[in-house]
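Trainee: with the sequence up front, the predicted model follows.
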Number of protein chains: 4
Amino acid sequence: MTDFSNTKSIYLQIVEIVKKRIITDKYTEQERIPSVRELAVELQVNPNTCVRAFEVLSRDNIIINKRGVGYFVNSGAKLVILEDKRKKFIVDELPRVVNNMKILNISLDDFMHIYNDSQF
Amino acid sequence: MTDFSNTKSIYLQIVEIVKKRIITDKYTEQERIPSVRELAVELQVNPNTCVRAFEVLSRDNIIINKRGVGYFVNSGAKLVILEDKRKKFIVDELPRVVNNMKILNISLDDFMHIYNDSQF
Amino acid sequence: MTDFSNTKSIYLQIVEIVKKRIITDKYTEQERIPSVRELAVELQVNPNTCVRAFEVLSRDNIIINKRGVGYFVNSGAKLVILEDKRKKFIVDELPRVVNNMKILNISLDDFMHIYNDSQF
Amino acid sequence: MTDFSNTKSIYLQIVEIVKKRIITDKYTEQERIPSVRELAVELQVNPNTCVRAFEVLSRDNIIINKRGVGYFVNSGAKLVILEDKRKKFIVDELPRVVNNMKILNISLDDFMHIYNDSQF
DNA sequence: GTGGTCTAGACCACC
DNA sequence: GTGGTCTAGACCACA
């Protein structure tokens, strides 16, 4: 799951893992997610690294801390994550992609082939 | 040109700059490119940083060294760079993009709007 | 260990030292090797010089980096090193040697004498 | 002939070229060899680089300078070159080769195959 | 603690 | 002049 030789830092990888689990309903809203220690064991990382990931998620209101109990998925988190991804994707990524297509001479047909081939 | 606040390391930015200049025929094949010292002055970086960039480009056969003379754009470099970018884009990036479109519920119409709006 | 008067650059000497230690099981597969700083102290060189050696070894998949932890000997590294040396020797070196023997009029008997004299 | 991207310096490559031409009787003893300028044109190098090569050859008594006339192959040069190569080969190279064979588990049979396959 | 990067300055062989 | 290497010292993100 986590990739130690990746250029992306581990804690950001963990952030993405947790988000994905929320989107895919592995972690459902209002429910408690695994503790820092549990997650650290599962992902084979240092607990501190999970702490850092939880800080980020907490700051973004994806999860909230109940003192002495644990972290919980915030209500509306799933929607927030999806909207955020959507916005970033449309504003940042797509224009870049479109530009590259034109520079690299990749036609709309080429694109459509990949689009149609891709299983959801 | 070089962006010091970028997360991407300077020497890798320089690699991209040189590649871009080859693609855009600023540096033409078989011709000598500026020396590490000249480029360092132009880009306002330490010569060693340019040396590192040249190492990468040399390893990838984009440029070749003539001892005591300087670096030259390898023949075929332009094509190699473009093909490499194209391949990476089609194999790595496009499938991810298409997948995200489907997950994030972005229609082909949305895509076409951005496509048509983008000036080349 | 490192030879400063050698024409071969220090960082490439370090590459060879590390490879040798892997071959001789001083550094075993999957295990962590010393940090750049530790090795620098041992070999009496600047840490940066070790960094450079590690870059080469890493590029060749001899060692792999675990972010924030250190470098580890890749599984299969020992075999890869030996096979690589063997291949280079047979393909590049031996034919040249044989050719020189014929040009320089060195007989198989001469060769056998040296072969038998050499202690392993 | 000359290899600019080789690790071996150009002037030493030229030294070897000249020696080879003497061994193969392209340059015969007591005869004049091409001037620095002529050789530089032929090998596409800077004349200074040839000068340096001639210095080495001169120092080793392979060629001798006749002021205002040019360089000449010294009498006995061919023999000297061959003997020198022979000595270096037996003293420096063969023991190293034999050692590598044993370390890399290359049998005498393997060696003989290459020996017999090599055309002179 | 780990490695990654950058700078400044030096020395070198080479062309 | 060219690149190649090395050092010393610094700062950074990361685990």
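Mentor: Nice, I can see it.
Trainee: contacts and neighbour counts: CA atoms only from here.
Mentor: Fine.
Trainee: show me what contacts whatever residue of chain A ends up closest to DNA strand F?
Mentor: Closest contact between chain A and DNA strand F, by Cα to the nearest atom of the strand, is at A:Ile10 (3.4 Å). A:Ile10 makes contact with A:2-4, A:49, C:67, according to Cα atoms under 8 Å, 6 or more residues apart in numbering or on different chains.
Trainee: show me which of the residues you listed are buried.
Mentor: Neighbour-count burial (16 or more other Cα atoms under 10 Å in any protein chain shown) applied to the contacts of A:Ile10 gives A:2, A:4, A:49.
Trainee: how about the secondary structure of the first one?
Mentor: So that's A:Thr2. coil (DSSP: H, G, I helix; E, B strand; the rest coil).
Trainee: figure out the helix or strand that the residue nearest the centre of chain A lives in.
Mentor: Centrality entry for chain A: nearest residue to the mean C-alpha point is A:Glu16, 2.7 Å, by Cα atoms, centre = their mean. Element membership for A:Glu16, per DSSP states H and E: helix A:10-23.
Trainee: buried sites along that helix?
Mentor: So for helix A:10-23, counting by 16+ other Cα under 10 Å, buried means A:10-15, A:18-20, A:22-23.
Trainee: now do the strands in chain A.
Mentor: Listed in chain order, the strands found in chain A under DSSP state E are A:63-66, A:70-73.
Trainee: show me where chain A has helices.
Mentor: Taking DSSP state H to define them, one finds helices in chain A at A:10-23, A:36-43, A:47-59, A:77-88, A:94-103, A:108-117.
Trainee: most distant residue from the middle of chain A?
Mentor: Residue farthest from the centre of chain A, counting by Cα atoms, centre = their mean, is A:Asn105 at 31.1 Å.
Trainee: how many other residues sit next to A:Val69?
Mentor: By the criterion of other Cα atoms under 10 Å in any protein chain shown, A:Val69 has 9 neighbours.
Trainee: excluding chain neighbours, what is closest to the residue of chain A found nearest chain C?
Mentor: Proximity to chain C, evaluated over chain A using Cα to the nearest Cα, is greatest for A:Phe4 at 5.2 Å. Among residues not flanking A:Phe4 along the chain, C:Lys66 sits closest, at 5.2 Å (Cα to Cα, 6 or more residues apart in numbering or on different chains).
Trainee: what about the one you found, neighbour count?
Mentor: 15.
Trainee: what pLDDT does it get?
Mentor: C:Lys66 is assigned 93 on the pLDDT scale.
Trainee: same question for A:Asp117.
Mentor: 87.
Trainee: show me chain A divided up by domain.
Mentor: Domain ranges of chain A: A:10-75, A:78-117, per automatic domain parsing.
Trainee: which one of those domains lies nearest to C:Arg86?
Mentor: For C:Arg86, the closest of the domains of chain A is domain A:10-75, at 37.3 Å, according to Cα to Cα.
Trainee: if we can go back for a sec, and of the buried ones among the contacts of A:Ile10, the nearest to D:Arg86?
Mentor: Looking across the buried ones among the contacts of A:Ile10 and measuring by Cα to Cα, the closest to D:Arg86 is A:Phe4, at 52.9 Å.
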